[in-house]
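J.: prediction below, plus the sequence it came from.
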Amino acid sequence: MQLRARFTPTGDLDLKAITFSMTEFASLERILRLASPAGGRGVSFVRHARDSAGRMVRLYKVPRHIIKMLESLLGGSFERDGTFTTMAGFGQTFSCREVNGAGCEDIFADDQDLAVVKCALVASRNHWFGGIANVGDCSKPS
């Protein structure tokens, strides 16, 4: 999945999720529910046409009052331009491998869903087609 973040003029966060996998959308939605004090109420998404590669596209609207908790769960922060910066990690080590490429970045997350979302943000930051999160670090072959 690739996850592109952009702040709106009102301070909310738009997350454009692009993937072939419904499971990756489910991971993102679970993390957004965890970040929301109302169990996900207030977060919405709109389906868009598939991209030129045939991936499904959804635009998630994240209210500004949820962003700090989302950053805390993910172990990083969103910059003003929407770029996600990871902080020194804790939790289980995952490799975030570039889809159709050689890139790989070690990330830390408490569970697979967090790793999927965090890896998708890393993929966007690195201008990858997408990222795949797997248990273990980048030194292990995929």
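T.: Nice, I can see it.

J.: pick out the residue nearest the middle of this structure.
T.: residue 117 (3.0 Å; Cα atoms, centre = their mean).

J.: that one and residue 28 touch, don't they?
T.: Yes: contact criterion Cβ atoms under 8 Å: residue 117 and residue 28 qualify, at 5.5 Å. To be clear about C-beta, it is placed using only N, CA and C from the backbone, and glycine gets the same treatment.

J.: tell me, what's touching those two both at once?
T.: residue 3 (Cβ atoms under 8 Å, 6 or more residues apart in numbering).

J.: quick one: the residue nearest to the centre of the chain is in a strand?
T.: No: counting by DSSP: H, G, I helix; E, B strand; the rest coil, residue 117 is located in no strand; its state is helix.

J.: please, where are all the strands along the chain?
T.: 2-7, 13-19, 44-48, 56-62, 76-78, 84-86, 92-98, 104-109, 131-135 (DSSP state E).
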